[in-house]
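> Any chance you can model this:
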Amino acid sequence: MDKALEYWKLIKDEFPVILGLSGNILSAILIFVVGVMVGRWVQKRIRRSKIGGAHLDATLKPVLASAIFYVIIAMTLYAVLIKVGVPPTSLIAVFGGAALAIGLALKDTLSNIASGLFLLLLRPIKVGEFADLPNTSGTITEIGLFATTIKTADGIYQYVPNSKVWEGRIQNYARNETRQFR
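Below is the predicted model:
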């Protein structure tokens with residue numbers, strides 16, 4: 001009888017701790033689900049919106065939408081881990097180390113992102129223009145973070161990595177309204 005009473009006391013003393021932990025886990029799951037839903041909602045709204053009017057062209061919308069989505073997801077993961085009980089200082093150290101490792105592992109992908117940002121900022125090509133790029137030519141349909149989508153004269157869509165577009169010669173036929181042939 002004494003053993004049963006000891007177990008009951010142990011369970012009674014630990015029950016608030018177990019309830020608190022399960023409440024934190026349920027809250028963390030709810031935070032994650034809501035964060036992903038908000039991120040997707042914001043991404044869809046930016047892609048469909050008329051944000052910026054003439055100041056923001058169709059080229060920047062997908063990039064802006066993806067960047068904001070990933071920022072929301074990162075903030076959501078940070079909030080979830082803090083809710084579960086991970087100390088913020090160790091999270092920052094882990095995120096910093098992970099960013100370094102990912103940066104080294106994804107060198108080529110980061111090159112595509114950097115080239116995509118240069119294409120978006122310097123604008124040698126825009127969506128809707130006909131251009132001759134390395135190994136292909138056609139109408140630019142999208143300039144994303146990783147690749148540029150081109151519709152060739154045959155109606156075939158090609159996805160060219162941004163680093164290949166940026167490092168090669170870009171000949172834009174749509175920039176000038178008139179051209180001289182010799």
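> And T149, how far from I113?
Computed as C-beta to C-beta, to the nearest Å, the T149 to I113 distance reads 16 Å. Bear in mind the C-beta positions are built from the backbone N, C-alpha and C, glycine included.
> residue contacts, A28?
Contacts here follow C-beta atoms under 8 Å, 6 or more residues apart in numbering; on that basis A28 touches V80, L81, K83, V84.
> and the gap between the second one and K107?
This points to L81. If you go by C-beta to C-beta, the gap between L81 and K107 works out to 27 Å.
> are any of the contacts of A28 buried, and which?
Buried subset of the contacts of A28 (neighbour count, 16 or more other C-beta atoms under 10 Å): V80, L81, K83.
> Grab the nearest non-local neighbour of the last one.
Of all residues beyond its chain neighbours, the one nearest K83 is A28 (4.4 Å), with distances taken as C-beta to C-beta, 6 or more residues apart in numbering.
> what secondary structure does that neighbour sit in?
helix (DSSP: H, G, I helix; E, B strand; the rest coil).
> just G138 next, same as before
Secondary structure state of G138, per three-state DSSP, is strand.
> any idea how far it is from L120?
Distance from G138 to L120, by C-beta to C-beta: 19 Å.
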